[in-house]
Each structure stands twice: as C-alpha cells, then as structure tokens.
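J.: Take a look and give me a structure for this.
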Amino acid sequence: MTSSFQLGPVTIHVYGIIIMVGVAAAVALIIWQAKQRGKDISFVEDGVIWVLIGGILGARLWHILTPPPSMVAAGLTTKYYLTHPLAAIAVWRGGLGIPGAILGGVFALYFYCRKRGERFAFWADLAAPGLALGQAIGRWGNFVNQELYGRPTDLPWAIYIDPAHRLPEFQQYAYYHPTFLYESLWNLMNMALLLWVGKRFRDRLQEGDVLLLYLVVYPVGRFLLEFLRLDSSQVAGINANQTLMAVVAIAAAAALFWRHRHGAPQAEKPARRRRRRR
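T.: You can find the predicted model right below:
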C-alpha cells in the first residue's frame, strides 16, 4: 500500500488522511453524546481547534523528549531537536507520541473549559470515548507507513514488512506482530466500554469517572503491548511509554477507588448554568 501520492505539486500523506478521519469520527461521537445530554454542540465545534493544537504540541514534545532508539542511532536525539528548532517543529517528517497527545489534549480541554465557564470533568467524560475511537482509527496510519510493528512472528495474522522498513537487527525476518491492529481493537473495546458504563451507571457516576476509566483501560492495554513492540522509546534505559502507562493506570484506578470507596459521599454536581445570548 502506498503511503503517499501526488495531487499536482502537493504530496498527500495517507497517514495524515487517516488521522483526520479519526479526528472527525471522534468529534462526531462527542457531538452525538452532547446532543443526548441536551448540550450546545457549538462548544464542541469551537473547542476542536484548541484540543487539536494541544494534542499536536504534546505529541511532538513527547517525541522530542523520548525519541526511539532507531532515531537516536540516526542522530535525532533530544539534544539535536533542542539545538535545531526547525527540525523540532517539522511534524510532517514524522515523530508524534500518543502519550503526549493525550496529555496535551487534556490540558487544552481544561483551559478551554475554564475560558468558556464549563465543567471540565463533564466534557472530559464525553471526550474520552471519542478519543478512544479516534485512536482506533488513527492507528491504521502505522499500517500504511509500516511502522511501530511488533516482534517477529509466524502467526496467521502476521503482517509483512518491506526490507526498507525493517530495523537493521531484524532484516532476516519478514513477518511481525501487527501491534497497530491489537491497539486499534483494544481502543474500540475501550470506546464501547466507556459508552456502556456512562449510560448504564450514569446515576452512580461522578463527573470525571469516565475519563478516569479511560485512563485505566487504555494504559493497561498499551503497557502490555509494549512487551511486543520493537524500537520502544528509552529514557535512562527504561521504557518511557510503558513506565508512564503503569503510573497513569495505577493513579487513575486509585482515584476511582477513592471516589467510590464504601461510605464515601457522592460529589454534588453543580447546577447547570444558562449561557447568555449576545
């Protein structure tokens, strides 16, 4: 499968198209949920650009701080990026980290909610299933680019990787674990779970619980997948993504337990405020 094509003088990258499809699907799901709750969807439409910018900045910063070994071997280290600003902002050349995208998007949503006088936890709960759906779709960009695959395998669903895209130490192997597919399916399951929990237990949930559940389920899946993935980002000899996922999952699970411990009072939800029409 080709990873890019020409449209006149412009090079169109299939990866970028897939990412935008994922974003569109995520926004559509969030809008659908907002309508179900009787919310003004213009809040979602206006906030997309905020979250996108925050997500891209966070994703790029995470990549710069935690480059994978293959890029370090090519000289694309954190020091290189910090001393070459133009290379640091060249996102079209690749290099985006999902953990940073999530963190950046969450911070952007927080500040956007504060600016608009809306409850962050409420909108974060609506955004979480959409985020999972966007990730499920976006991961197929890795398939197109033949990147971020797993260890060599002879399983029936193994994927073929062209020699040009194989890591030097694995040139003799042709078939690998399709970790992009595993993560895509995990994210679809996560989306379905979040939607079901949000509807089934709505009267028992506190605002922010759905986001916390996302921050348990996704990190657990990513933590396990890191055992299969090759070329994982290392910081001081430690798998940066796997370590972060473990910390986030444990912290989110602890927060959920504390919120719903036996006898703990339910958080009082603030009254809905009417927006002034101008």
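J.: rest of the way, CA atoms for contacts and neighbours
T.: Fine.
J.: isn't Gly208 right next to Leu126, touching?
T.: No. Under the criterion of CA atoms under 8 Å, Gly208 is not in contact with Leu126, lying 9.4 Å apart.
J.: Pick out whichever of those two has more residues nearby.
T.: Neighbour tally, Gly208 and Leu126, criterion other CA atoms under 10 Å: the higher count belongs to Leu126, 24 against 18.
J.: Can I get the helix or strand that that one is a member of as PDB, trimmed to CA atoms?
T.: Per DSSP states H and E, Leu126 falls inside helix 120-138. Taking Å, rounded to 0.1, in the frame of the first residue of the first chain, the C-alpha atoms of helix 120-138 are listed here in PDB:
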ATOM      1  CA  PHE A 120     -14.000  20.300  32.600                       C
ATOM      2  CA  ALA A 121     -14.900  16.900  34.200                       C
ATOM      3  CA  PHE A 122     -18.200  16.700  32.400                       C
ATOM      4  CA  TRP A 123     -16.800  17.400  29.000                       C
ATOM      5  CA  ALA A 124     -13.800  15.200  29.600                       C
ATOM      6  CA  ASP A 125     -16.200  12.300  30.200                       C
ATOM      7  CA  LEU A 126     -17.800  13.000  26.800                       C
ATOM      8  CA  ALA A 127     -14.500  13.300  25.100                       C
ATOM      9  CA  ALA A 128     -13.000  10.000  26.400                       C
ATOM     10  CA  PRO A 129     -15.000   7.600  24.200                       C
ATOM     11  CA  GLY A 130     -14.400   9.900  21.200                       C
ATOM     12  CA  LEU A 131     -10.600   9.900  22.000                       C
ATOM     13  CA  ALA A 132     -10.600   6.100  22.100                       C
ATOM     14  CA  LEU A 133     -12.400   5.900  18.700                       C
ATOM     15  CA  GLY A 134     -10.000   8.400  17.200                       C
ATOM     16  CA  GLN A 135      -7.100   6.300  18.400                       C
ATOM     17  CA  ALA A 136      -8.600   3.100  17.000                       C
ATOM     18  CA  ILE A 137      -8.800   4.700  13.500                       C
ATOM     19  CA  GLY A 138      -5.600   6.600  13.700                       C
END
